[in-house]
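**Student:** can't give you the sequence, but here's the structure:
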């Protein structure tokens, strides 16, 4: 990511309505694995950076009192809001059109921040530092990515939880 790169509002134009159906799904055990690893219990706040049409935020919504999705694409934000309404999450889900580099955007603090195949779109160093500062003490930053190589266990600082099929 170069400092002079600017978001192109036409990049995902028209894709939002087809994203859930056309994009490969996340691991089916993602919500259960995160709930177990992080002790999620229906309280707290989730920040989904680069939320797209809300796929991960809506999947994890039952684990939080509030979810906030951030994405620079208006179509993705509109699709996330539509799906949240269908699922009866009005008042518990909020959608903000902004780039990750525009955080914290007055959004407050969070228990968990997730980047689901979106971190590579950001100016990673400054964005990671900003999001870290948006986490409550003991909060977690979760990076969800597709895995194209065999899974391996990672222990210790910087280690992570890997969820497969």
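**Tutor:** Cool, got the structure. All values reported here derive from a predicted model rather than from experimental measurement. Numbers count the residues shown, from 1 in each chain.
**Student:** Which element is encountered next along the chain beyond the longest helix seen in the chain?
**Tutor:** As assigned by DSSP state H, the longest helix anywhere in the chain is helix 74-86. Per DSSP states H and E, the first helix or strand lying C-terminal to helix 74-86 is strand 93-97.
**Student:** What is the next helix or strand after that next one packed up against?
**Tutor:** Going down the chain from strand 93-97, the next helix or strand is strand 110-116, by DSSP H and E. With contacts defined as 3 or more Cβ pairs under 8 Å, 6 or more residues apart in numbering; DSSP states H and E, the packing partners of strand 110-116 are helix 30-38, strand 45-49, helix 55-60, helix 124-134, strand 135-144. Bear in mind the C-beta positions are built from the backbone N, C-alpha and C, glycine included.
**Student:** any chance of the ones you listed in a markdown table, with distance to residue 101 too?
**Tutor:** Converted to a markdown table, the helices and strands packed on strand 110-116 look like this (distance: least, Cβ to Cβ, whole Å):
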| stretch | distance to residue 101 |
| --- | --- |
| helix 30-38 | 25 |
| strand 45-49 | 10 |
| helix 55-60 | 19 |
| helix 124-134 | 6 |
| strand 135-144 | 16 |
